[in-house]
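1. can't give you the sequence, but here's the structure:
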């Protein structure tokens, strides 16, 4: 069972995240931020991860703390679910178009957090009433920091902010799915160091 469960409570938020890496894409999320919920649904559905996310945050201030703390808990749960990473593929890549936008994501479940993130300049500043588009990078930074993975996200072109962000989450889901999948030819941890 490759399952992670993390509860995170601060004066700003209360977060519960559960993830099953070997699921079927069943998703139950509620953060109070509609577009973020939509992106988490993409992550679970296209990664085939069973994903539960329940966040109660200080949305009377703005959505920043809610989104950030959820991403931190998600990364920690993902790391927990991976365990010692024995027998996984380790690397994953996905290129996902969404109409005029294209997202390319490469991931290494390396045990070392590192993020490269490029998306088109001049995007609309908001998607819906409460999703600041600058938060996409921060979500990825927070996830990477807790999951301890190397992640490269590149969006070479796109016009519509919704499409640009959604393509990134879809590609992330597919790349994570590939990297976390068991490799039938592999034994042990996929590293010459013997540990990831």
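-> Thanks, I have the structure now. Because the structure is predicted, anything quoted here is derived from the model rather than measured.
2. those helices in the protein, which residues are they?
-> 34-47, 64-82, 135-147, 161-180 (DSSP state H).
3. and the closest residue to residue 172 other than its chain neighbours, what are its bridge partners?
-> Nearest non-adjacent residue to residue 172, counting by Cβ to Cβ, 6 or more residues apart in numbering: residue 105, 5.0 Å away. Placement of C-beta: from N, CA and C, glycine included. Here residue 105 shows beta-bridge partners residue 94, residue 153, assigned using DSSP bridges.
4. number of nearby residues for residue 105?
-> Applying other Cβ atoms under 10 Å, we find 27 other residues in the vicinity of residue 105.
5. That one touches residue 150, doesn't it?
-> No: Residue 105 is beyond contact range of residue 150, at 11.4 Å (criterion: Cβ atoms under 8 Å).
6. next one: phi and psi at the closest residue to residue 22 other than its chain neighbours?
-> Spatial nearest neighbour of residue 22, excluding adjacent residues (Cβ to Cβ, 6+ apart): residue 2 at 5.6 Å. The phi and psi values for residue 2, taken as degrees, to the nearest 10, are phi -100, psi 80.
7. roughly how far apart are residue 2 and residue 18?
-> When distances are taken as Cβ to Cβ, to the nearest Å, residue 2 and residue 18 turn out to be 12 Å apart.
8. mind listing what residue 190 touches?
-> Contacts for residue 190 were tallied using Cβ atoms under 8 Å, 6 or more residues apart in numbering; they are 85, 87-90, 183, 196.
9. least confident pick among those residues?
-> Minimum pLDDT for these is recorded at residue 196 (91).
10. Which pLDDT value belongs to residue 187?
-> Per-residue pLDDT puts residue 187 at 88.
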